[in-house]
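Participant: Provided below for reference: sequence and predicted model.
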Amino acid sequence: MFFFKKIIQLVYSQYLLNLYENDKNRVNSILDNFFESLTRFNISLKIIICLFLLFLFIVNIFFIIIFFYQIRLNHFPKIIKLASGFPYLKNLDNFLKANLSLHSS
Amino acid sequence: MPFKNLNSFDDSNDFNIENIIIGSGAGGSTTAFELFKQKKECIILEDGPNVNDLDFSNIGKNIIKLYKNNGATPLISNNGGPIIGYGQGSCVGGSTYVNAGYFSNTPEWIFNKWFKENKTILKFDHFSNLIDEIKSEIKVNTDQLTSVDNDSKILFEKSKKLNWQIEKCERYSSGIVGEEKQNMNKTYLSYLSENGVNILHDTRVLKINTQNGEAKSLIVENRLNLKKYKFKFKNLFICCGPINTPFLLQKNRLIDNNENNFEFHINFKIILKFKKPINFNKSFKYNPDHPVSIYFMREFEKEGALLSAANSELPYILATASHFSDEIKKDIIKNHEHYGMYIYQIKSNSHGQIKSFLNNPYVSYSFDEKDTLEIKKAIERTSKLFFDDDVDFILYPVENSGHIKSQKEAMNLSQNFQKKKLHLVSVHGMSSMRYAPNKNSLTDFNGKLKDFKNIFITDASIIPGNTGESPQATIMAFSKFITKNLSNSL
């Protein structure tokens, strides 16, 4: 699960930092709280979320290769925006964002 | 209340108890209470945790622990409707622990319709007597407005201005500010536990063993150490809620068909930004006892629509606004005290069926176009009610709808939204295993499972149809009705 925790951090930390005015402590606490809950999710939801994160990770690798000249390793905001065009992917992204919000403190 | 778990019985793996009740929510605890009154031996098995063992410091962490399927059992449309997240409690007390605790009766005209359509033998007068009995056993009151209920106050003032019917919500409550909600843990379950009835939390039913049309025993797992136990019994009451009861029976192959009987309410949540600060709910802690809405706007209750205030703590508003732009969410965080959230509850015309994926239940439902019309009305009515000099904008649960700043913009939205882009939730499900006057009916009038002489359903699953009101009191009344009816035969 450590691998998926890292992907969640890569995908959503910038989104959260933007919302919470770069309050790193708050963002880290939200991500930690959320990850603790994720480990308790039921198996089907855990599998769906992990597949979604894996999908984002693989597309990110493609983007690193395709856009190598940009010298960027994190294309996740762009990928999330693209994924939002597909109903079920958009739902998953919303579900994760809503859950992250519930874990704010 | 120190409810037990199976760790207290480590010296024995086999139990023999007259009546076993699976689930400790409104249905299960009422059944147990009635059996106890009839001096019948019983035990309650609850899959979820004991709430007293939990740390309530974070809303998100508690939702995962206290709700079934992470608080979002999906209702997935099979005809292009939106995915709806369904929340149901999974702890001692079930949904009565996590809900707002509204005490609402099913209206007489709905009851009469059920009776006329031969869906129940319970008449409204008898139902009313059962409701009075519940009221004599549990404190039911209205709550007083406090400094954190400005959203309710605004709802009241604006409804009065339009001369729309609004009244205080009755609630399972002492009516004293600061005193806890009268959920099942604090009432029936507490009484039962004090009188020697075992209520076992973290106890999961894995298998129901049957033989010749009779349920014989359960294989049960202690979720804390995964140890397995066998429970023998005379009668089995299943009260796991309108999704998990049919799911448990399907999993054990005790039912092989499940018609499209699952009905539900749609919560159409709107977020308002007021020009002046109105929201002083600053807590990030989970508090299921705090009153949510002091009033219900009932102008359109005959159409199955109710409007009330919602939990307005920042995490809840942000979660509801998750599909909006980051700029909107940043403004919510910055100006949280200007934001309020309301729920327009719709008695949905859609029907669903319980299915499962990787051993977890979900509902496959058929979105009824009449619901599109109801949502259209919800946008129009809430804009008419709320738009005034004091409101900056309304955020409707429609993807990409952005700020709606006037009634005209709201009217435009109501004409042009796509059903797939709605973001809806539900917390009231019912009637998935109701009696139906046809040969496919899964239960009889007494909640007895077809083809089994000792399995009874006494939860929201057997409510004859959509109540249009918070169903807790109706679940309890039906549970009492069935358990009393069975008293001589058990």
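Facilitator: Okay, I see it.
Participant: can you classify residue B:484 as helix, strand or coil?
Facilitator: Classification of residue B:484 by DSSP: H, G, I helix; E, B strand; the rest coil places it in helix.
Participant: report the contact partners of the nearest residue to it once chain neighbours are set aside.
Facilitator: What sits nearest to residue B:484 in space, not counting adjacent residues and going by Cβ to Cβ, 6 or more residues apart in numbering or on different chains, is residue B:34, at 6.3 Å. Every residue, glycine included, has its C-beta placed from N, CA and C. Contact partners of residue B:34, counting by Cβ atoms under 8 Å, 6 or more residues apart in numbering or on different chains, are B:479-480, B:483-484, B:487.
Participant: next, give phi and psi for residue B:34.
Facilitator: Dihedral pair for residue B:34: phi -70, psi -40, per degrees, to the nearest 10.
Participant: tally up the residues packed near residue B:369, please.
Facilitator: 11 (other Cβ atoms under 10 Å in any protein chain shown).
Participant: which residues does it contact?
Facilitator: If you count contacts by Cβ under 8 Å, 6+ apart, residue B:369 has none.
Participant: for it, what are phi and psi?
Facilitator: Backbone torsions for residue B:369, taken as degrees, to the nearest 10, come to phi -60, psi -20.
Participant: let's see the pLDDT reported for it.
Facilitator: Note on residue B:369: pLDDT of 96.
Participant: can you list the residues of chain A near chain B?
Facilitator: Within chain A, the residues that sit near chain B (Cβ under 8 Å from any Cβ of the partner chain) are A:15, A:18-20, A:33-34, A:36-37, A:40-45, A:47, A:87, A:90-91, A:94-95, A:97-105.
Participant: selecting buried members of those in PyMOL, what would you type?
Facilitator: Here is the PyMOL command that selects the buried residues among the residues of chain A next to chain B (16 or more other Cβ atoms under 10 Å in any protein chain shown):
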select buried, chain A and resi 15+19+20+33+34+37+41+42+44+45+90+91+94+95+97+98+99+100+101+102+103+104
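Participant: restricted to helices, list the residues of chain A next to chain B.
Facilitator: A:15, A:18-19, A:33-34, A:36-37, A:43-45, A:47, A:87, A:90-91, A:94-95, A:97-102 (DSSP state H).
Participant: what about residue B:393, which helix or strand?
Facilitator: Take DSSP states H and E as the rule and residue B:393 turns out to sit in strand B:391-395.
Participant: which residues outside that strand are in contact with it?
Facilitator: Counting by Cβ under 8 Å, 6+ apart, residues outside strand B:391-395 touching it are B:270-275, B:321, B:324, B:328, B:338, B:382-383, B:386-387, B:401-405, B:410.
Participant: and the residue nearest to residue B:485 when sequence neighbours are not counted, how many neighbours?
Facilitator: Leaving out its chain neighbours, the residue that sits closest to residue B:485 by Cβ to Cβ, 6+ apart is residue B:446, at 5.4 Å. Residue B:446 has 17 neighbours, counted by other Cβ under 10 Å.
Participant: wait, a strand at residue B:446?
Facilitator: No - under three-state DSSP, residue B:446 sits outside any strand and is assigned coil.
Participant: what's it in contact with, if anything?
Facilitator: Residue B:446 makes contacts with B:456, B:482, B:485-486, as judged by Cβ under 8 Å, 6+ apart.
Participant: before we move on, back to that, any idea how far the strand holding residue B:393 is from the middle of the chain?
Facilitator: 29 Å (Cα atoms, centre = their mean, to the nearest Å).
Participant: could the C-alpha coordinates of it be exported in CSV?
Facilitator: The C-alpha coordinates for strand B:391-395 follow below in CSV (Å, rounded to 0.1, in the frame of the first residue of the first chain):
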residue,chain,number,x,y,z
VAL,B,391,-27.8,35.8,-0.9
ASP,B,392,-24.8,36.1,-3.1
PHE,B,393,-25.2,32.8,-5.1
ILE,B,394,-26.4,29.2,-4.9
LEU,B,395,-24.3,26.2,-5.9
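Participant: strand partners (parallel or antiparallel) of that strand?
Facilitator: In the sheet, strand B:391-395 lines up against strand B:263-274 (antiparallel), strand B:403-404 (antiparallel) (DSSP bridges).
Participant: and these: which comes nearest residue B:378?
Facilitator: Smallest distance to residue B:378 across the strands paired with strand B:391-395 (Cβ to Cβ): 4.7 Å, for strand B:263-274.
Participant: can you show me the CA trace of the closest one as PDB?
Facilitator: Extracted in PDB, the C-alpha atoms of strand B:263-274 (Å, rounded to 0.1, in the frame of the first residue of the first chain):
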ATOM      1  CA  GLU B 263     -37.000   2.600  -3.100                       C
ATOM      2  CA  PHE B 264     -35.200   5.600  -1.800                       C
ATOM      3  CA  HIS B 265     -35.100   9.400  -1.200                       C
ATOM      4  CA  ILE B 266     -32.900  11.600  -3.200                       C
ATOM      5  CA  ASN B 267     -31.000  14.300  -1.200                       C
ATOM      6  CA  PHE B 268     -30.600  17.300  -3.500                       C
ATOM      7  CA  LYS B 269     -28.000  19.300  -1.600                       C
ATOM      8  CA  ILE B 270     -27.600  23.000  -2.300                       C
ATOM      9  CA  ILE B 271     -24.900  25.300  -1.000                       C
ATOM     10  CA  LEU B 272     -25.700  29.000  -0.500                       C
ATOM     11  CA  LYS B 273     -23.300  31.900   0.000                       C
ATOM     12  CA  PHE B 274     -24.800  34.600   2.100                       C
END
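Participant: tell me the buried residues in the worst-scoring helix or strand of chain B on mean pLDDT?
Facilitator: Counting by mean pLDDT, DSSP states H and E, chain B has its least confident helix or strand at helix B:59-66, which shows a mean of 87. Buried residues in helix B:59-66, defined by neighbour count with 16+ other Cβ under 10 Å: B:59-66.
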